[in-house]
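Q: Based on what follows, work out the 3D shape:
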Amino acid sequence: MPNLQLGTATGPAKLKAVTALVNKLTEDLDKVSLLPQDRDEALEELKIYGRDPRNADPIFTKETNICKGISMLLRHGFHSPSSDTARAALRVLANSMLLKPETRRMLVDQGFAIKACEGLKTDNWDTEFLISRILLLSTYGTKEHLTNLIAEHNLAENITENLGRHARLAASKPRQEQPMEDMALGEILKLLFNVTHFCKEEAPRFSAAVPHIVALFWKQDIPASNSLDSPFGPLVNALINLDISTTENQAAVFPSSEPTKVTARLISLLDSAMATYSDNDLEVTVTPLISTMLKVHEHAPSQVRQYIGDKLLPTAEDRQSVLGNGKTLSARLLKNSTNPMAPALRDAISHLLFEISDKDASKFVENVGYGFASGFLFQNNVPIPANASATFNTGDSTGEQRPVNPITGQFLDQEKVAEMPPMTEDEKLREAERLFVLFER
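A: Residues are numbered from 1 along each chain as shown. Here you go, the predicted model:
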């Protein structure tokens, strides 16, 4: 067990301690001078000091006259015969890359991105987490190496294989919780998203991951709050850039035994998220789910499209009042389709509802009301239907056709007319005088 007093120095004493640790670990590379326990303890102490970059500069330097800082960590992390030592070094490296963006290039420039890609071939969750995080951090500002990793070093295949391992574990319903497995899954999903985002032309190579991603939506129950925390948020994001139109992926997303199964899961996540997240969180967290729903609808068979429309468009119950005023999922979607605090979410919702309306402006107006439809139609240069302001009929819960206010989407017979008491003679006189003054002006 590491000494509890490790890493306690501050100020100049900390800088001196960090320098000594880096020098000691560097010398150990070329001529073994540390026992395994001492080496791991030195790396642990370096990790503690590296959490605050002040007075820890030697950690973040690259090679000078001898191998220093990051170069030393790279060699211990990827060349050590001891998996414990390698992971200890990778922890310091991952933290350094997080805190100091300039260190991310060192992984690529010194040829260790390829080693990291190979390191994904592991059955250890801790190692998978660390390697995934290091590769993930390397995608920020240093994207040019990704194409080579995909084409020449099996990055897509390694990520897909690891996701398959996670899916097989989830299917086995393990009795014990495995926090490190959860963290590794979240990190490799983030890596998958970043790689397919920055290298869209290579995204088809990752298509085989879709069935594993879909299976992992049942890894655990949907929580009552923060439903898009890991794993669900990263799972949703991972699908955004992947091709779900292939035969294999269509079978995974729309299984013949229950075509709406995956779609229903996504809608359950959406329902929970729309009800619990604040405006600030909605923009960042929920917009990708709306984008994924749009993608699913575009590639869905007619049965699933109908199901999505039934779940997301206003119902007869919603039309008992002005659309967007209730607490149903459709009401929350409409309300947020004009949310000034979440512009990306607002646009994504409108595009989804327009897609569900078969991209037909008349259907769109009937489905959501002209009040919600008009802004989207204007912004996207879609001609306003000639009958946009005309009353139309739609079925209620019994199937009976009832007239609807085209602007608000509410049943006309449910509109409330404000009832005011009759004016007294004095009130009538004052109103007449007010109108006379206005007329004179």
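Q: The helix or strand in which residue 113 is found packs against which elements?
A: Element membership for residue 113 (DSSP states H and E) is helix 112-119. Under the contact definition 3 or more Cβ pairs under 8 Å, 6 or more residues apart in numbering; DSSP states H and E, helix 112-119 sits against helix 69-79, helix 125-138, helix 146-152, helix 155-171. Where you see a C-beta, it was placed from the backbone N, CA and C, and this is true even at glycine.
Q: All the strands of the stretch 301-441 of the chain, in order from the start?
A: Under the criterion DSSP state E, counting those that start in this stretch, the stretch 301-441 of the chain contains strands at 392-395, 401-404.
Q: If you average pLDDT over each of those strands, which is lowest?
A: When the strands of the stretch 301-441 of the chain are ranked by mean pLDDT, strand 392-395 comes last with a mean of 56.
Q: which SS state does residue 33 fall under?
A: Classification of residue 33 by DSSP: H, G, I helix; E, B strand; the rest coil places it in coil.
Q: Can you say which helix or strand has the closest residue to it other than its chain neighbours in it?
A: The shortest distance from residue 33 to any non-neighbouring residue, by Cβ to Cβ, 6 or more residues apart in numbering, is to residue 27 (5.8 Å). Taking DSSP H and E as the criterion, residue 27 maps to helix 11-30.
Q: How about stretch 116-127, which residues are buried there?
A: Judged by neighbour count (16 or more other Cβ atoms under 10 Å), stretch 116-127 contains these buried residues: 116-120, 122, 125-127.
Q: Return the distance of residue 22 relative to residue 402.
A: 77 Å (Cβ to Cβ, to the nearest Å).
Q: Contacts for stretch 303-316 next, please.
A: Identification of contacts with stretch 303-316 by Cβ atoms under 8 Å, 6 or more residues apart in numbering yields 254, 259-260, 263-264, 267, 293, 296-297, 300, 323, 328-331, 333-334, 352-353, 356-357, 367-368, 394-397, 409.
Q: Now, of the residues you listed, which are buried?
A: Using 16+ other Cβ under 10 Å as the burial test, those include 254, 259-260, 263, 267, 293, 296-297, 300, 323, 328-331, 333-334, 352-353, 356-357, 367-368, 394, 396, 409 as buried.
Q: In helices, which of these appear?
A: Judged by DSSP state H, helices contain the following of the buried ones among the contacts of stretch 303-316: 263, 267, 293, 296-297, 329-331, 333-334, 352-353, 356, 367-368.
Q: If we only consider these, which is nearest to residue 200?
A: Nearest to residue 200 among those is residue 296, at 19.0 Å by Cβ to Cβ.
Q: Surely that closest one is in contact with residue 263?
A: Yes - under the criterion of Cβ atoms under 8 Å, residue 296 makes contact with residue 263 at 6.0 Å.
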